[in-house]
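> Got a sequence here, can you model it:
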Amino acid sequence: MDSAASSLTPEPVLEKMMEFYHGYRANVDRGIHQLSQKASEEYELAHRKVAQFINAKSDEEIIMTRNTTEGLNIVANGLKWKKSDKIVTTLMDHHSNFIIWQRVRQRHGVKLETMKPNEQGLFDLADFERAIDDSTRVVAVPHVSNTLGTIVPIRDISKIAARRGALTVIDAAQSVPHMEVDVREIGCDFLAFSGHKMCGPTGSGALYMRGEVAEQVEPMLIGGGTIQDVSSEEFRLATGWHRFEAGTPAIAEVIGLGRAVDYLTQLGMENVRTHEMRIGKALHEGLTKIQEVKVYGPEDLADRVALASFNVGDLNPHDVALALDVSKKIMIRSGHHCALPTMKEVIHADGTARASLYIYNTAEEVELFLSTVEEIANGLT
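Reported below is the predicted structural model:
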């Protein structure tokens, strides 16, 4: 029950990665021999699969990364900043979509304004209407809070940003694995997510970069594979995803991510969402009924994913997580979840215990979890 941190990996994904190592272990885009050709085909196919999965216009808009953090850093470090620029972000962001913008402020002197949600993690769109002005260069928001499970209205926020000519950067690490995500319907400019949270391998992820804005971003790394031409005096970078993927990539991991996309597509993301809403409802409602337990996040289940942050009385959340693990081998996350501003300024807690569900969790597991939490809570009375 810690899939918000990292999901389990199905056998078909592992088999696909081993297929690469056993069958066509060679570098991509480097040779004309059959092994390199096969590896290159599979690597490029993974780009197309990810593009289709989030409804990008072209696989040229998909840059393979190691994780969400790398994707977000590519954007933050690649844009050309002026001191007159402004960034709008939120107090509900993961550190990966928060401190990178703080560093931009430190380095370039731009203005940074943070939007504060209410205690349930819900935003007032009027705050974004007020904050996003003609000087705003970037609006950076999470699609789903990794701490509260709140689903953020990013389509509405993207529309506000677009009217002001601002770029929208979406941290979709907690949404792409759990629901249908359509970048064209959202209208965002950048969207990053990780493979390891969606049945894929660690060290894999993707950054969607809308084709019309790609030229505004300077690649963080350049080198082999990123160039169109080089002379003794100058170089010219390639276009599309090649421009941003320097050096030998994590080939097996990218191919594995492509297979994970197949796996989720075969399940049907609408079925994934339906399953998670059912067991997530039982999780949330069950926790709220236990005395001594405080549950954080939206009360309306339509506003959240199958994730519940909670505390039991005055117990340290790490002690709660340890008790669950030792007594029933139930594995959850505890602490600040790389979202200290959320803890300090939104829910006013030093940390929480967090149970996060996915496709392989069952109603019976939720029942066992709830009964065990109740036992822990009863020990306080």
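
> Sketch out the low-pLDDT regions of the stretch 101-250 of the chain for me.
Judged against pLDDT under 70, the stretch 101-250 of the chain has no low-scoring part.

> try it again with 90
Applying pLDDT under 90 to the stretch 101-250 of the chain flags the ranges 224-228, 230, 237-240.

> need the strands for it, in chain order.
Using DSSP state E, counting those that start in this stretch, the strands assigned to the stretch 101-250 of the chain run over residues 111-115, 136-142, 167-171, 190-194, 205-209, 227-230, 235-237.

> looking at the ones you listed, which is closest to Trp81?
Using Cβ to Cβ as the criterion, the shortest distance between Trp81 and those is 7.2 Å, found for strand 136-142. The C-beta positions use only the backbone N, C-alpha and C, and glycine is treated the same way.

> sorry, back to before: quick one, which of the strands of the stretch 101-250 of the chain gets closest to Arg273.
strand 190-194 (15.8 Å).

> Direction included, what does that closest one pair up with?
strand 167-171 (parallel), strand 205-209 (antiparallel) (DSSP bridges).

> Residues contacting it, please?
54, 65, 67-68, 71-72, 75, 143, 167-173, 175-177, 181, 183, 200, 204-210, 213 (Cβ atoms under 8 Å, 6 or more residues apart in numbering).

> Now do the domain split for this protein, please.
11-267, 269-378 (automatic domain parsing).

> ok, back up a step: of the contacts of strand 190-194, buried ones?
Neighbour counting with 16 or more other Cβ atoms under 10 Å marks 54, 65, 67-68, 71-72, 75, 143, 167-173, 175-177, 181, 183, 200, 204-210 as buried within the contacts of strand 190-194.

> What segments of the stretch 251-381 of the chain are strands?
Per DSSP E, counting those that start in this stretch, the stretch 251-381 of the chain has strands spanning 293-296, 307-312, 333-335, 352-356. These are given in chain order.

> what are the pairing partners of the third one, and which direction each?
This points to strand 333-335. Strand 333-335 pairs in its sheet with strand 352-356 (antiparallel), by DSSP bridges.

> Now do the strand it pairs with, average pLDDT.
Averaging pLDDT along strand 352-356 gives 98.

> If I take that strand and strand 307-312, what angle do their directions form?
Counting by axes from the mean of the first three to the mean of the last three Cα atoms, to 10 degrees, strand 352-356 lies at 150 degrees to strand 307-312.

> So for Ala349, which of the strands paired with strand 190-194 sits nearest?
Ranking these by proximity to Ala349 (Cβ to Cβ) places strand 167-171 first, at 21.5 Å.

> for that closest one, the distance to its chain's centre please.
Its chain's C-alpha centre and that of strand 167-171 lie 11 Å apart, by Cα atoms, centre = their mean, to the nearest Å.

> Show me the shaky parts of the stretch 251-381 of the chain.
Using pLDDT under 90, the stretch 251-381 of the chain drops low at 379-381.

> let's see 70
Checking the stretch 251-381 of the chain against pLDDT under 70 turns up 381.

> on that earlier part again, quick one, which of the strands of the stretch 101-250 of the chain gets closest to Tyr43.
With Cβ to Cβ, the closest approach to Tyr43 among these belongs to strand 205-209: 12.8 Å.

> returning to what we had before: could you dump the strands of the stretch 251-381 of the chain to JSON lines with mean neighbour count and distance to Asp134?
Listed next are the strands of the stretch 251-381 of the chain as JSON lines, based on neighbours: other Cβ atoms under 10 Å; distance: least, Cβ to Cβ, whole Å:
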{"stretch": "strand 293-296", "mean neighbour count": "20", "distance to Asp134": "36"}
{"stretch": "strand 307-312", "mean neighbour count": "26", "distance to Asp134": "36"}
{"stretch": "strand 333-335", "mean neighbour count": "20", "distance to Asp134": "40"}
{"stretch": "strand 352-356", "mean neighbour count": "27", "distance to Asp134": "39"}
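
> looking at those, which is closest to Met277?
Closest among the strands of the stretch 251-381 of the chain, once you apply Cβ to Cβ, is strand 307-312, at 11.7 Å.
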